[in-house]
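# my questions concern the predicted model and sequence given below.
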Amino acid sequence: MSERPAQQQDDQPGHEDRMVPQPDYAPRYAGSDRLKGKTALVTGGDSGIGRACAVLFAREGANVALVYLDEEGDARKTESLIAEEGGRSLLIKGDVVDPGFCRNAVDITAAEFGALDILVNNAAEQHPTDDFESISPEQLRRTFETNFFGYFQMAQAALKVMKSGARIINTASITAYRGSHHLIDYSATKGAIVAFTRSLSQYCSDRNILVNAVAPGPIWTPLIPATFDAEAVAEFGADQPLGRAGQPNEVAASFLFLACADSSYMTGQVLHPNGGEIIALYCFIFLFIAARGAGI
């Protein structure tokens with residue numbers, strides 16, 4: 001039996017207030033000041049994983065700037081949730097495709113809160129198709145501009161104001177590791193994000209700025225009904241070992257770990273909250289094949 005009724009939305013990145021049932025964003029435990037006095041900027045922060053991170057960060061003592069495209073209702077809801085946690089927030093509407101907007105978002109955040117300690121790159125879009133040959137240059141360009149260029153541009157802007165101890169956390173995807181035949185352009189952007197995370201972590205190591213990523217599996221967010229047909233939405237995540245899609249608050253804790261002092265000896269790494277799919281196996285097979293080819 002499906003966990004949710006068949007449903008679909010007509011525009012991306014989707015609206016959380018239209019979803020049935022609503023995703024679970026609520027933090028699962030009392031805060032312990034792990035981000036007290038810190039300032040975080042979360043792209044795609046109005047809903048889904050971004051909302052869950054924003055509310056959890058606020059519970060842990062952070063100020064949170066929320067970047068969103070045009071989902072005004074979702075953004076205002078997240079703003080109110082942060083206020084309920086006793087936190088301060090800042091809503092910044094715009095498109096991360098625009099490098100000028102990215103610079104402005106960082107500048108506004110630093111001016112409002114006096115610093116920028118944590119950047120969560122999370123905004124994304126995806127356009128499924130079973131016909132690879134039909135993917136247009138416009139779709140390919142737009143997907144990369146949002147999912148990868150936006151991350152790149154936000155990180156460039158953030159590094160101009162970040163100080164030692166700051167964190168950059170990128171949202172990758174399980175599709176970066178196992179691929180997806182109907183999300184080829186999206187998967188390619190997520191693979192680029194993994195390589196970007198590893199490379200940027202090396203660049204930032206002398207500054208003591210840590211760069212990591214989270215690669216979720218199927219998570220119940222607005223992007224899902226905004227992407228797939230109603231029947232696919234109803235069965236979304238059922239093929240994972242745990243037999244269901246994950247909830248945003250089951251992913252947000254990974255972001256918190258990478259944002260706080262608990263991960264002080266981690267950089268260039270990827271966490272995998274994905275419902276039980278064994279990603280390390282793909283890496284092992286690749287290394288085994290490479291070793292055999294080298295005659296080792």
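Here it is on my side, so go on.
# can we go C-alpha only for contacts and neighbour counts from here?
Will do.
# check what pLDDT Gln9 gets.
We have a pLDDT of 76 for Gln9.
# and the strands in the stretch 151-296 of the chain, which stretches?
Ranges of strands within the stretch 151-296 of the chain are 167-171, 210-214, 270-271, based on DSSP state E, counting those that start in this stretch.
# pipe those strands into TSV and attach mean neighbour count per row.
Listed next are the strands of the stretch 151-296 of the chain as TSV, based on neighbours: other C-alpha atoms under 10 Å:
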stretch	mean neighbour count
strand 167-171	28
strand 210-214	27
strand 270-271	20
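# could I get those as CSV with distance to Glu138?
Listed next are the strands of the stretch 151-296 of the chain as CSV, based on distance: least, C-alpha to C-alpha, whole Å:
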stretch, distance to Glu138
strand 167-171, 23
strand 210-214, 27
strand 270-271, 30
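# in a markdown table, list those strands along with mean pLDDT and distance to Gln247.
Listed next are these as a markdown table, based on pLDDT from 0 to 100; distance: least, C-alpha to C-alpha, whole Å:
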| stretch | mean pLDDT | distance to Gln247 |
| --- | --- | --- |
| strand 167-171 | 98 | 15 |
| strand 210-214 | 98 | 14 |
| strand 270-271 | 96 | 16 |
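# neighbours around the closest residue to Arg28 other than its chain neighbours, how many?
Spatial nearest neighbour of Arg28, excluding adjacent residues (C-alpha to C-alpha, 6 or more residues apart in numbering): Asn249 at 7.6 Å. Neighbour count of Asn249, defined by other C-alpha atoms under 10 Å: 23.
# ok, Asn249 touching Ser47?
No - checked against C-alpha atoms under 8 Å, the pair Asn249 and Ser47 is beyond contact range at 11.3 Å.
# SS state for Val67?
strand (DSSP: H, G, I helix; E, B strand; the rest coil).
# hmm, I typed the wrong one, I wanted Ala40.
Classified using three-state DSSP, Ala40 is strand.
# for the spatially closest residue to it that is not a sequence neighbour, grab phi and psi.
Leaving aside its sequence neighbours, Ala40 sits nearest to Ile118 (C-alpha to C-alpha, 6+ apart; 4.4 Å). Dihedral pair for Ile118: phi -140, psi 130, per degrees, to the nearest 10.
# for Ile118, list each beta-bridge partner.
Note on Ile118: beta-bridge partners by DSSP bridges are Ala40, Arg167.
# number of residues surrounding it?
Ile118, neighbours per other C-alpha under 10 Å, totals 27.
# verify the contact between it and Leu41 for me.
Yes - checked against C-alpha under 8 Å, the pair Ile118 and Leu41 is within contact range at 6.3 Å.
# quick check: angle from the longest helix along the chain to strand 167-171?
Ranked by residue count under DSSP state H, the longest helix found in the chain is helix 184-204. Here helix 184-204 points in a direction 170 degrees away from that of strand 167-171 (axes from the mean of the first three to the mean of the last three C-alpha atoms, to 10 degrees).
# ok, and the closest non-adjacent residue to Thr43?
Val67 (4.5 Å).
# how about the one you found, what does it touch?
Each residue near Val67 by C-alpha atoms under 8 Å, 6 or more residues apart in numbering is listed here: Leu41, Val42, Thr43, Gly44, Gly45, Asp46, Leu91, Ile92, Lys93, Gly94, Ala105.
# and Asp117, by the same measure?
So Asp117 contacts Lys38, Thr39, Ala40, Met162, Lys163, Gly165, Ala166, Arg167 (C-alpha under 8 Å, 6+ apart).
# kindly report the same for Cys204.
Cys204 neighbours (C-alpha under 8 Å, 6+ apart): Leu210, Val211.
# next one: Ser201
Contacts of Ser201 (C-alpha under 8 Å, 6+ apart): Ile209, Leu210, Val211, Asn212, Thr267, Gly268.
# what is the nearest of those residues to Ser187?
Set against Ser187, the nearest of these by C-alpha to C-alpha is Asn212 (18.2 Å).
# hmm, Thr171 and the closest one touching each other?
No - judged on C-alpha under 8 Å, Asn212 makes no contact with Thr171 at a distance of 9.0 Å.
# for Asp46, which non-adjacent residue is spatially closest?
Ala75 (4.3 Å).
# check which helix or strand that neighbour maps to.
helix 72-84 (DSSP states H and E).
# in that helix, what counts as buried?
Neighbour-count burial for helix 72-84, counted by 16 or more other C-alpha atoms under 10 Å, picks out Asp74, Ala75, Lys77, Thr78, Glu79, Ser80, Leu81, Ile82.
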